[in-house]
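1. Any chance you can model this:
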Amino acid sequence: MSAFSEEIMRKVYVRQKGRCALCGRSLDWLLKNTAMHSFQYHHVMPRMTGGKDAEDNCVVLCTDIDPVKGDSSKDGCHYRAHADGKYRSGVVAGPEMFAFSHGHEYARHELWIRRVRQAAL
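-> Predicted coordinates:
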């Protein structure tokens, strides 16, 4: 069960134009054409470091499965966000990492980065 409300998840999915915030691929296409069976709503600033269950603190990420290994544990963007950000050690994968937070709308992405950074202060 997600920490985010259904309304927030819906808004974030629309904000990202149905794309993974990290790789930019279409989530619907991945669900229909790959072994991926779900996607993950992810806290940009983890709750353990004070992040809120708010729309600006949420991105949706693919959990793509490697076609050769058949294993999603280390191949989806959700895993990469944790691994690259060293989330478990308390270091945050910052909002800059999620280039497709607003689909391909770079100006809105930049404003979002500022809002997320301001909320973290």
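2. Can you mark which positions in stretch 109-121 are buried?
-> Judged by neighbour count using 16 or more other Cβ atoms under 10 Å, the buried positions of stretch 109-121 are 109, 112, 113, 116, 119. No exception for glycine: its C-beta is placed from N, CA and C like everyone else's.
3. residues of stretch 11-29 that come out buried?
-> Neighbour counts using 16+ other Cβ under 10 Å place 12, 13, 15, 16, 19, 20, 21, 22, 23, 24, 25, 27 of stretch 11-29 among the buried residues.
4. ok so, going back, so which of the buried residues of stretch 109-121 is the closest to residue 79?
-> For the buried residues of stretch 109-121, the minimum distance to residue 79 (Cβ to Cβ) is 21.1 Å, reached by residue 116.
5. can I assume that closest one is in contact with residue 57?
-> Yes - Residue 116 is in contact with residue 57 according to Cβ atoms under 8 Å; the separation is 6.7 Å.
6. so what sits against both of these two?
-> Overlap between the neighbourhoods of residue 116 and residue 57 consists of 44, 45, taking contacts as Cβ atoms under 8 Å, 6 or more residues apart in numbering.
7. so for whatever helix or strand residue 102 lives in, what's the average pLDDT?
-> Secondary structure assigned from DSSP states H and E places residue 102 in strand 101-104. What strand 101-104 shows for mean pLDDT is 86.
8. what's that strand packed up against?
-> helix 6-15, helix 106-120 (3 or more Cβ pairs under 8 Å, 6 or more residues apart in numbering; DSSP states H and E).
9. and the first one with helix 106-120, angle?
-> What separates the directions of helix 6-15 and helix 106-120 is an angle of 140 degrees, with axes from the mean of the first three to the mean of the last three Cα atoms, to 10 degrees.
10. Much appreciated, bye for now.
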